[in-house]
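Enquirer: my questions are about this predicted structure, shown below with the sequence.
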Amino acid sequence: MSSKARQRHGQLRLITAWNKPPMAWYPAVLETAAGEIAAEESPEHIAGTLQAEALKAVEDEGVAATGQVVDSDSPASAILDAAKDADLVVVGSRGHGGFPGLHLGSVSTQVINHAPCPVLVVRSETS
């Protein structure tokens, strides 16, 4: 995808949406089954790390890119808000939902149905 953006002198805008589960606090300290203590990182920190890795990968390809980490109860709404002036939206086919047999997740379905521009749904190699 980034090579097509480079060929067309396009710019990618990477949106990473996260939210904090109700009643959660971070860093959460957990005890593993083996009795070890482990600290769990916050969703905001994980989202920031994913965003930085994605931006680096795109920039390594020579494509202009910007990124935004959004605190949102609805990932679909965050993507649709960012898509208001987009020419194309690209989303993954499956996230972290509880139904692995589905071909489309709830976020990609909402984006497809409400986006103001074409939507490309990308399946991972393991889907």
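Expert: Yep, that arrived. Residues are numbered from 1 along each chain as shown.

Enquirer: tally of neighbours for Trp18?
Expert: Trp18: 19 surrounding residues under other C-beta atoms under 10 Å. Every C-beta, even on glycine, is put in place using the N, C-alpha and C of the backbone.

Enquirer: look up how far Lys20 lies from the nearest residue to it once chain neighbours are set aside.
Expert: Leaving aside its sequence neighbours, Trp18 sits nearest to Ala47 (C-beta to C-beta, 6 or more residues apart in numbering; 3.7 Å). Distance of Ala47 to Lys20, given as C-beta to C-beta, to the nearest Å: 11 Å.

Enquirer: ok, those two, which is more surrounded?
Expert: Neighbours were counted for Ala47 and for Lys20 using other C-beta under 10 Å; Ala47 has more, 18 against 13.

Enquirer: tell me the pLDDT at the residue nearest to Trp18?
Expert: Reading off the confidence values, Ala47 has pLDDT 91.
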